[in-house]
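Trainee: Here you go, sequence then predicted model.
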Amino acid sequence: MTNRDINDKSCLNSIWTDSIANNKQPDGKALLAHLKTVHQQHTGFTEKCASICRDKTGLNSYEWLAEIVPDIDGTRVLDLACGSGPLLKILYDRNKKLKLTGVDISPEELALAKTRVSNNNTDLFELKAQNLSAISDNSLDVVLCHWALTLMDPVTPVLNEVRRVLSSGGQFAALIDGPMNAAPGYSDIHDLIYGYVQAKLPNYGEIDLGDPRIRSTDSLSNLVSKAFPEATINVETNVVSMEGPIAEVTKTAAGFFYASFVLPQETRKTMLSNLSKLLAISKKRGELENQGRFAMPVNRLVIKNKSTS
């Protein structure tokens, strides 16, 4: 890492990135500090892309995940790593008599969430997913986690905590990265962004955020089966996408990748320029000029606890 990178305030530097630059394996504390820094400097960035991208039925990924929650008054729901609160807001707008709880490690994200779901049926806590100390055993009907499980390391204590707080017959549903080949062109986008990042941090990718076992369907199933030995487990794949002015699509798509935040400003500009070429839509007669499209794969993991009644 150069002195110029360190002095570039647009370039995110942390103990985690320093460890990678020095070919060292970052520990859990370094990861936690890095994630907090990202969300402090870019509050709400996950929501920006995820809310816009929609599947063939018109649902964005928050709405697709929210389908798991039964529309029954009094249903007790936890949004694990709730961020700025978009999923909580969707659930509250659908049924104001749900009992909602959100937890996150970022006070900045929670402050934004509080402005959206400030009501008597919603509680917000600044907690790590590995230690849900404010939540009682067997007290929840549904636990949701939107695109954050892959960032949690160690992940086994997270699954154990989810099992502890879920009631008999309760459900845990998480959105995670889907297979790259499910969305045409996604692997090229991923490789382009990571190529620029690896020019700065060669080990980025080999050492990535979170537990790599979550990114493989087979290893994920093995982890989940150990944590929930008697549960029913299902994984569904979907694709969400967005279209619009190429500059807006490119900036929004790049912002969904945590890796992009470690790039210095000038390198980021070059990356965005080349990314826009990948995202550009071939124009036909009568279509708008300078349009772009971004599609990304997503898996929905659904675990249903065995009922003891």
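Mentor: The structure has been received and is ready for your questions. Numbers count the residues shown, from 1 in each chain.
Trainee: The helix or strand where residue 189 lies packs against which elements?
Mentor: Using DSSP states H and E, residue 189 maps to helix 186-200. Under the contact criterion of 3 or more C-beta pairs under 8 Å, 6 or more residues apart in numbering; DSSP states H and E, helix 186-200 touches helix 265-279, strand 291-304. (Each C-beta comes from the backbone N, C-alpha and C, glycine too.)
Trainee: now the shortest one: how far from the chain's centre is it?
Mentor: By that I understand strand 291-304. 11 Å (C-alpha atoms, centre = their mean, to the nearest Å).
Trainee: Could you figure out how far it is turned away from helix 265-279?
Mentor: Between strand 291-304 and helix 265-279, the angle comes out at 90 degrees (axes from the mean of the first three to the mean of the last three C-alpha atoms, to 10 degrees).
Trainee: got the angle for strand 291-304 vs helix 186-200?
Mentor: 100 degrees.
Trainee: Out of the helices and strands packed on helix 186-200, which gets nearest to residue 137?
Mentor: With C-beta to C-beta as the criterion, residue 137 lies closest to strand 291-304 of the helices and strands packed on helix 186-200, at 17.2 Å.
Trainee: The stretch 1-150 of the chain: strands as residue ranges?
Mentor: Taking DSSP state E, counting those that start in this stretch, the strands of the stretch 1-150 of the chain run over residues 76-80, 99-104, 122-126, 140-146.
Trainee: go on, the stretch 151-300 of the chain?
Mentor: Under DSSP E, counting those that start in this stretch, the stretch 151-300 of the chain gives strands at 166-177, 232-245, 291-304.
Trainee: Out of those strands, which is closest to residue 185?
Mentor: Closest to residue 185 of the strands of the stretch 151-300 of the chain, according to C-beta to C-beta: strand 291-304, at 6.8 Å.
Trainee: Between the strands of the stretch 151-300 of the chain, which one is closest to residue 257.
Mentor: Nearest to residue 257 among the strands of the stretch 151-300 of the chain is strand 291-304 (9.8 Å), distances taken as C-beta to C-beta.
Trainee: Need the winner for burial among the strands of the stretch 1-150 of the chain.
Mentor: Across the strands of the stretch 1-150 of the chain, the average number of neighbours (mean count of other C-beta atoms under 10 Å) peaks for strand 76-80, which reaches a mean of 25.
Trainee: and stretch 88-100, average pLDDT?
Mentor: Average pLDDT, stretch 88-100: 95.
Trainee: circling back to that earlier point, would you format the helices and strands packed on helix 186-200 as a markdown table with mean pLDDT included?
Mentor: Formatted as a markdown table, those follow (pLDDT from 0 to 100):
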| stretch | mean pLDDT |
| --- | --- |
| helix 265-279 | 95 |
| strand 291-304 | 95 |
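Trainee: Relative to residue 66, which of the strands of the stretch 151-300 of the chain is closest?
Mentor: strand 166-177 (9.2 Å).
Trainee: Relative to residue 275, how far out is residue 117?
Mentor: Distance, residue 117 to residue 275, by C-beta to C-beta, to the nearest Å: 34 Å.
Trainee: re the thing from before, can you tell me what sits against the helix holding residue 189?
Mentor: 1, 5, 180-181, 204-205, 253-254, 257, 259-260, 262-264, 267-268, 270-271, 274-275, 278-279, 294-297 (C-beta atoms under 8 Å, 6 or more residues apart in numbering).
Trainee: at 7 Å instead, please
Mentor: 180-181, 204-205, 253-254, 257, 259-260, 262-263, 267, 271, 274-275, 278, 295-297 (C-beta atoms under 7 Å, 6 or more residues apart in numbering).
Trainee: Over to stretch 144-159?
Mentor: With C-beta under 7 Å, 6+ apart, stretch 144-159 has contacts from 28, 31, 35, 46, 50, 61-62, 65, 68, 77-81, 87, 129-130, 173-177, 209-211, 214-215, 223-224, 227.
Trainee: Likewise for stretch 94-106?
Mentor: With C-beta under 7 Å, 6+ apart as the criterion, stretch 94-106 contacts 32, 35-36, 39-40, 71, 73-83, 85, 88, 91-92, 110, 113, 117, 121-128, 132, 135.
Trainee: cool, stretch 15-23 as well?
Mentor: Here stretch 15-23 has contacts from 1, 25-26, 30-31, 33-34, 201, 203-204, 207, 262, using C-beta under 7 Å, 6+ apart.
Trainee: low-scoring stretches of the chain, by residue?
Mentor: 1-11, 282-289, 309 (pLDDT under 70).
Trainee: just to revisit the earlier point, want to try CSV for the helices and strands packed on helix 186-200, with mean neighbour count and distance to residue 151 as columns?
Mentor: Listed next are these as CSV, based on neighbours: other C-beta atoms under 10 Å; distance: least, C-beta to C-beta, whole Å:
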stretch, mean neighbour count, distance to residue 151
helix 265-279, 16, 21
strand 291-304, 20, 15
